[in-house]
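>>> Sequence and predicted structure are below.
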Amino acid sequence: MFLRFYDLPLKPLHHDEGVNTLFLTDLVRPPHTYRYDPGNYHGPTLFYFGWLSAAVFGLTTAAIRLVTAFAGFAAVLLLLLLRRHIGTTGSLAAAALLAVSPGAVYYSRYFIHESLLVCFTVGTVVFAALWWTRPRAVFLYLAAASAGVMFATKETAVISAVVLLAAVTGAEVLADVRAALLDGGRGHLLVRLWSALECRVRVVMAELSKRGGLPVLALAIGVFLAVNLLFYTSLFTHWQGALDAVRAFAIWTKTGTTAHTRPWLTYLRWLSAEELPLLLLGGTGLIAALWRSDSRFGVFAALWTLGVLTAYSAIPYKTPWLTLNVIAPLTISAGYACELVWQRRQRLPTLVLWAAAIAAVGIGTFQAVVLNFLQYDNNRYHYVYAHTSREVLALVREIDRIEEMNPGASIAVTSREHFPLSWYLRAYPAGYYGSPIVTNDPLVVASEEQQAELDVALRGRYERVGTYGLRPGVRLVLYVRRDLRRPAAGAVSSAGSRPVGSP
């Protein structure tokens, strides 16, 4: 909870967070409009959950990031419900490793879709597993609702869904193959395998019948569809959104092959650099589960991990936050490995076990603290992806001080690159022009590339306060009209205060 909730406004909003806040602001403020756009910006759940958070806590940076922080925290708690499937030690280990994962923490403090997607993917798996071990229809309905929110969050949910179905099927097939191989009866191996598969189908049908049969399954499908319609149709007010949700898959298929393209092994390289203890433990559990094939859920988690890693690696489009989709099942495989070791603890010195546990959690915690509270805008870290510089907050503080002395002073933002400034300046009258216009607005925020032109256009009337880094390769310049009242101490900046046009 500390890693996810402490000082949520500390890190400046990323460009993508700034874009997401545009839709959230339109939803929060009258006339409260939101329409799903299949061409951009993913599904609607992030904005509706953000709306609820803003209604309770106000439209603040902390409030909007509480949505993803709670999603990240909920995913940790959900893993504790896997005790029946990977053991007490396994579920505790999986939850602990996800709790301190640098990437899981970093993107839990990001107002983007990925934490919600992963949380509800985990929820779908956990509630479906609970339903299978406990014949209560409510667990199936919870799984269906989680799957519905998962699909309403981001179009890439279809990747997770296909991988999960393949993993379930693969786990059952491997279990039957193992049973057929161990069967000492007569007959050809293929005959014994067919008999095992036939028996498996009968068992599944019997279990489904015991759990309510087709009526329960039909109601679960209805829950899934209703959740999707609720969000995509803007609470049943925009039915075109339901059709747009289907169209989105074709649009995002093109995006996945053209933007942010990287080599096949990119995710493994990022994981080895940022999540090494988790990668080693998860890899060990994955291999052990497939080799032993004595735990269907262990095999399922291994195939889930391999499947989602392969799927996202095969897609040319790669961004660091997509790694979250691999981290979640990897923690389950790691938990499975820890459970196996704990079951054989008599063969190992207790001190060794405790040292390994403290090292795994300690390294993750240390990396999470450094990344999230110290180096959150240092692009040498893989998870810090073209992130907004903390210098932007100095620019915002300077504008706040000037606005406090000159209430209602309008701002002209001429820089084409300006997100997330629109969020931080939302309380002030601001225009976003994207070109170096000649203006009489009291404050002007330009890009460094526009500086030479604006120095000439604004000469004599404005003072250049300073320059501030927005993100790698983009710097902003603040101009203030000379007749404005200024605070005694301005923001510290790389340029300092000087008359426009001076050397």
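Okay, I see it.
>>> where in the stretch 101-250 of the chain is pLDDT low?
Within the stretch 101-250 of the chain, the segments meeting pLDDT under 70 span 176, 178-213.
>>> So Tyr48 sits against Tyr232, correct?
No. In this structure, Tyr48 is not within contact of Tyr232 by CB atoms under 8 Å, at 10.8 Å. Any C-beta I mention is one placed from the backbone N, CA and C, and that applies to glycine too.
>>> In terms of neighbours, single out the busier of the two.
Tyr232 (25 against 19; other CB atoms under 10 Å).
>>> what residues do Tyr48 and Tyr232 have in common as contacts?
Common neighbours of Tyr48 and Tyr232 are not found (criterion: CB atoms under 8 Å, 6 or more residues apart in numbering).
>>> quick check: longest strand of this structure.
If you go by DSSP state E, the chain has its longest strand at strand 462-471.
>>> Show me what the following helix or strand past it packs onto, helices and strands only.
Note on strand 462-471: by DSSP states H and E, the next helix or strand toward the C-terminus is strand 474-481. Here strand 474-481 touches helix 391-405, strand 443-447, helix 451-457, strand 462-471, going by 3 or more CB pairs under 8 Å, 6 or more residues apart in numbering; DSSP states H and E.
>>> got the ones you listed as JSON lines, with mean neighbour count and mean pLDDT columns?
As requested, the helices and strands packed on strand 474-481 are exported to JSON lines (neighbours: other CB atoms under 10 Å; pLDDT from 0 to 100):
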{"stretch": "helix 391-405", "mean neighbour count": "19", "mean pLDDT": "95"}
{"stretch": "strand 443-447", "mean neighbour count": "25", "mean pLDDT": "95"}
{"stretch": "helix 451-457", "mean neighbour count": "16", "mean pLDDT": "89"}
{"stretch": "strand 462-471", "mean neighbour count": "22", "mean pLDDT": "93"}
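>>> Nearest to Trp131, out of those?
Closest to Trp131 of the helices and strands packed on strand 474-481 is strand 462-471 (CB to CB; 45.1 Å).
>>> any idea of the angle the closest one forms with strand 443-447?
50 degrees (axes from the mean of the first three to the mean of the last three CA atoms, to 10 degrees).
>>> partners of strand 462-471 in the sheet?
Strands that pair with strand 462-471, judged by DSSP bridges, come out as strand 474-481 (antiparallel), strand 498-499 (antiparallel).
>>> most tightly surrounded among these?
Neighbour counts (mean count of other CB atoms under 10 Å) averaged over each of these peak at strand 474-481, with a mean of 23.
>>> tell me the mean pLDDT over that one?
The pLDDT scores in strand 474-481 average 95.
>>> And the protein, split by domain according to the record?
2-374, 391-499 (automatic domain parsing).
>>> which residues touch His15?
386, 388, 419-420, 471.
>>> which one among the residues you listed gets closest to Gly408?
Pro420 (22.5 Å).
>>> What strand or helix carries Ala302?
Ala302 belongs to helix 296-314, assigned by DSSP H and E.
>>> buried residues in that helix?
Applying a neighbour-count criterion of 16 or more other CB atoms under 10 Å, one finds 296-309, 311-313 buried in helix 296-314.
>>> What score does the residue nearest to Thr89 when sequence neighbours are not counted have for pLDDT?
With CB to CB, 6 or more residues apart in numbering as the criterion, Thr89 has its nearest non-adjacent residue at 4.1 Å, and that residue is Trp342. Reported pLDDT at Trp342 in the predicted model: 91.
>>> neighbours around Trp342, how many?
17.
>>> for it, what are its contacts?
Contacts of Trp342 (CB under 8 Å, 6+ apart): 87, 89-90, 353.
>>> how about 10 Å then?
Counting by CB atoms under 10 Å, 6 or more residues apart in numbering, Trp342 makes contact with 87-90, 92-93, 348, 353, 357.
>>> and the residues you listed as JSON lines, adding pLDDT, secondary structure and neighbour count?
Listed next are the contacts of Trp342 as JSON lines, based on pLDDT from 0 to 100; DSSP: H, G, I helix; E, B strand; the rest coil; neighbours: other CB atoms under 10 Å:
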{"residue": "Gly87", "pLDDT": "95", "secondary structure": "helix", "neighbour count": "21"}
{"residue": "Thr88", "pLDDT": "95", "secondary structure": "helix", "neighbour count": "12"}
{"residue": "Thr89", "pLDDT": "95", "secondary structure": "helix", "neighbour count": "19"}
{"residue": "Gly90", "pLDDT": "96", "secondary structure": "helix", "neighbour count": "30"}
{"residue": "Leu92", "pLDDT": "97", "secondary structure": "helix", "neighbour count": "19"}
{"residue": "Ala93", "pLDDT": "96", "secondary structure": "helix", "neighbour count": "28"}
{"residue": "Leu348", "pLDDT": "80", "secondary structure": "coil", "neighbour count": "12"}
{"residue": "Leu353", "pLDDT": "86", "secondary structure": "helix", "neighbour count": "14"}
{"residue": "Ala357", "pLDDT": "90", "secondary structure": "helix", "neighbour count": "17"}
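>>> Tell me the one of those residues nearest Arg29?
Nearest to Arg29 among the contacts of Trp342, with distances taken as CB to CB, is Leu92, at 43.9 Å.
>>> which helix of the protein spans the most residues?
helix 157-182 (DSSP state H).
>>> ok and that one relative to helix 296-314, angle-wise?
130 degrees.
>>> Show me what helix 157-182 is packed against.
helix 114-133, helix 137-153, helix 189-210, helix 240-255, helix 276-292, helix 296-314, helix 324-343 (3 or more CB pairs under 10 Å, 6 or more residues apart in numbering; DSSP states H and E).
>>> nearest to Gln375, of these?
Per CB to CB, nearest to Gln375 of the helices and strands packed on helix 157-182: helix 276-292, 17.1 Å.
>>> picking up where we left off before, make CSV from the contacts of Trp342 and add distance to Tyr336 to it.
Formatted as CSV, the contacts of Trp342 follow (distance: CB to CB, whole Å):
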residue, distance to Tyr336
Gly87, 8
Thr88, 13
Thr89, 10
Gly90, 5
Leu92, 12
Ala93, 9
Leu348, 17
Leu353, 16
Ala357, 15
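>>> ok, of those, which one's closest to His42?
Ala93 (31.9 Å).
>>> Leaving out chain neighbours, which residue sits closest to the closest one?
Cys338 (3.7 Å).
>>> Now do the same for the one you found: its pLDDT.
95.
>>> mind saving the C-alpha coords of the one helix or strand Ser91 maps to as PDB?
Using DSSP H and E, Ser91 maps to helix 83-100. In PDB, the C-alpha atoms belonging to helix 83-100 read as follows (Å, rounded to 0.1, in the frame of the first residue of the first chain):
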ATOM      1  CA  ARG A  83      -4.100 -20.800  -1.900                       C
ATOM      2  CA  ARG A  84      -6.000 -23.900  -2.900                       C
ATOM      3  CA  HIS A  85      -4.100 -24.000  -6.300                       C
ATOM      4  CA  ILE A  86      -0.500 -23.100  -5.500                       C
ATOM      5  CA  GLY A  87      -0.500 -23.500  -1.700                       C
ATOM      6  CA  THR A  88      -0.300 -21.100   1.200                       C
ATOM      7  CA  THR A  89       3.400 -20.400   0.700                       C
ATOM      8  CA  GLY A  90       2.900 -20.200  -3.100                       C
ATOM      9  CA  SER A  91       0.100 -17.600  -2.900                       C
ATOM     10  CA  LEU A  92       1.900 -15.500  -0.300                       C
ATOM     11  CA  ALA A  93       5.100 -15.500  -2.300                       C
ATOM     12  CA  ALA A  94       3.200 -14.600  -5.500                       C
ATOM     13  CA  ALA A  95       1.400 -11.700  -3.800                       C
ATOM     14  CA  ALA A  96       4.700 -10.500  -2.200                       C
ATOM     15  CA  LEU A  97       6.600 -10.600  -5.500                       C
ATOM     16  CA  LEU A  98       3.800  -8.700  -7.300                       C
ATOM     17  CA  ALA A  99       3.500  -6.200  -4.400                       C
ATOM     18  CA  VAL A 100       7.200  -5.100  -4.700                       C
END
